[in-house]
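> Sequence below, structure please.
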Amino acid sequence: MLRTSITQSARCAGAATTSGRPFGAAAAAATAGRRPGAVTAGAVAEAVQTLTITRPDDWHLHVRDGQPMRDVVPHTARHFARAIIMPNLVPPVNTTQAAIEYGKRISAAVPAGVDFTPLMTLYLTDRTTPEEVYAAKAAGCVAFKLYPAGATTNSDSGVTDLNKPLAALKAMAEAGVLLLVHGEVTDPEVDMFDREAVFITQKLLPLLDKVPQLKVVMEHITTKDAADFVASAPANVAATITPQHMLMNRNALFAKGLRPHNYCLPILKREKHREAIMGAAVSGSRKFFLGTDSAPHPKHAKESSCGCAGMFSAPVALAIYATAFEKAQALDKLEGFASFHGPDFYGLPRNTDKLTLVRSPQVVPESYAFGDSTVIPMWAGEQIPWSVQA
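Residues are numbered from 1 along each chain as shown. Now for the predicted structure:
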């Protein structure tokens with residue numbers, strides 16, 4: 001089995017990373033003594049030095065708003081052609097007009113000469129109407145996001161009872177608008193590490209019984225329960241997978257101290273769940289695709305007595321995914337996961353331009369600009385073996 005990598009930079013007094021370098025001896029052993037080569041997806045060579053794939057999309061992204069948004073959008077736009085934009089602003093993006101205006105602000109933040117399209121979503125509430133669903137569809141919005149009230153960042157306006165927006169959910173199925181699900185229950189009696197599995201049995205299965213044609217994406221799945229459920233579910237159910245849930249288990253939260261920059265929701269799980277998520281991602285199944293859930297917060301909001309949930313991975317996400325797939329000896333599966341399965345499920349055209357990853361080690365910067373603060377990226381200060389070719 002693959003060993004977990006816990007790679008957050010040492011920030012607590014006396015702290016150190018565990019498991020050695022971020023990608024350890026396993027990656028080195030996989031290429032030692034082999035001749036160099038280049039590869040396109042689908043024809044993996046030994047000791048791969050370059051990997052050219054169809055330009056990917058990010059099917060789960062947070063970019064915030066205002067100057068912080070203007071600081072982070074370019075990181076995604078340089079590598080991804082499109083991204084599903086999360087609507088959990090304050091106030092939430094819960095009307096078609098709000099989504100249109102937010103999309104314009106994001107597009108204005110894209111660097112000149114860069115081709116990037118934000119795919120807009122609306123925040124599902126107890127009061128969402130079928131009329132709003134049809135208006136969103138007509139405006140080009142692709143999905144509604146289900147946040148159970150209180151489940152994660154800025155989710156207080158979320159759904160309290162799935163029966164309340166049931167008419168809207170049926171309209172979504174009819175109109176071909178997707179439902180994106182943060183799949184955790186919020187019952188305080190349910191253990192934090194069990195909330196995803198309980199959501200499937202108590203919430204998602206009953207919903208699919210009521211609206212069987214609804215296209216559903218279980219976002220950022222974290223458990224074997226979720227991976228098995230999605231794999232066995234009908235064709236209208238799929239899932240996104242983050243880099244952190246492929247490569248990190250819950251030990252990463254407590255490596256030589258409390259590691260707030262490794263805190264995200266759904267929370268990191270046991271090693272057996274990480275292995276299942278890695279297995280799903282590299283399986284080649286069209287039901288699983290890339291969604292970084294890159295979620296920037298100011299440094300001070302993470303390093304506090306009540307820190308925010310979310311890991312910021314956008315600048316290095318593709319390089320980290322490549323490393324994960326290489327660890328699993330599945331680089332030939334990366335293009336499907338990153339570039340094909342998502343648009344196919346959404347019913348959108350695949351991108352036609354290409355992107356090349358090169359075996360060129362990079363050290364992840366310690367921080368990036370984020371409004372009047374900074375944001376600490378995933379694996380800050382660590383060396384990773386892949387880079388995106390400029």
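> count of neighbours near the residue nearest to residue 282 when sequence neighbours are not counted?
Across the structure, with Cβ to Cβ, 6 or more residues apart in numbering as the measure, the residue nearest residue 282 apart from its sequence neighbours is residue 330 (3.8 Å). Every residue, glycine included, has its C-beta placed from N, CA and C. Close neighbours of residue 330, defined as other Cβ atoms under 10 Å, add up to 18.
> And residue 330, how far from residue 293?
Computed as Cβ to Cβ, to the nearest Å, the residue 330 to residue 293 distance reads 21 Å.
> just residue 105 next, same as before
With distances defined as Cβ to Cβ, the gap from residue 105 to residue 293 amounts to 21 Å.
> Tell me which of the two has more neighbours.
Just comparing residue 105 and residue 293: by other Cβ under 10 Å the higher neighbour count belongs to residue 293, 28 against 15.
> Torsion angles phi and psi at the residue nearest to residue 282?
With angles defined as degrees, to the nearest 10, residue 330 shows backbone torsions of phi -140, psi 30.
> The one 3 residues further on now?
For residue 333, the backbone dihedrals (degrees, to the nearest 10) come out as phi -100, psi -10.
> Where do the strands of the stretch 151-300 of the chain begin and end?
With DSSP state E, counting those that start in this stretch as the criterion, the stretch 151-300 of the chain has strands at 178-181, 216-218, 237-241, 288-290.
> My understanding was that the residue nearest to residue 282 contacts residue 280; is that so?
No: Residue 330 is not in contact with residue 280 according to Cβ atoms under 8 Å; the separation is 11.5 Å.
> And the most centrally placed residue in the chain, what's its pLDDT?
With distances taken as Cα atoms, centre = their mean, the residue of the chain nearest its centroid is residue 292 (2.5 Å). The per-residue pLDDT reported for residue 292 equals 99.
> Quick one: residues contacting the closest residue to it other than its chain neighbours.
If the residues on either side of it in the chain are set aside, residue 292 comes closest to residue 317, at 4.6 Å by Cβ to Cβ, 6+ apart. With contact set as Cβ atoms under 8 Å, 6 or more residues apart in numbering, residue 317 has these partners: 58, 79, 243, 292, 294, 378.
> Report how many residues lie close to the first one.
Residue crowding around residue 58 was assessed by other Cβ under 10 Å; the count is 27.
> Helices of this structure, start to end?
24-31, 66-77, 96-108, 130-138, 166-175, 195-199, 205-210, 224-232, 243-247, 271-281, 299-302, 317-327, 334-335, 341-346 (DSSP state H).
> Turn those helices into CSV, including mean pLDDT and distance to residue 187.
Listed next are the helices of the chain as CSV, based on pLDDT from 0 to 100; distance: least, Cβ to Cβ, whole Å:
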stretch, mean pLDDT, distance to residue 187
helix 24-31, 32, 38
helix 66-77, 99, 32
helix 96-108, 99, 30
helix 130-138, 99, 28
helix 166-175, 99, 20
helix 195-199, 98, 8
helix 205-210, 98, 15
helix 224-232, 99, 17
helix 243-247, 99, 22
helix 271-281, 99, 20
helix 299-302, 98, 26
helix 317-327, 98, 32
helix 334-335, 99, 37
helix 341-346, 99, 30
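> Most tightly packed of those?
Among the helices of the chain, helix 243-247 has the highest mean neighbour count (mean count of other Cβ atoms under 10 Å), at a mean of 26.
> Just to check, residue 147 is in contact with residue 182?
Yes: shown here, residue 147 and residue 182 form a contact pair, counting by Cβ under 8 Å, at 5.1 Å.
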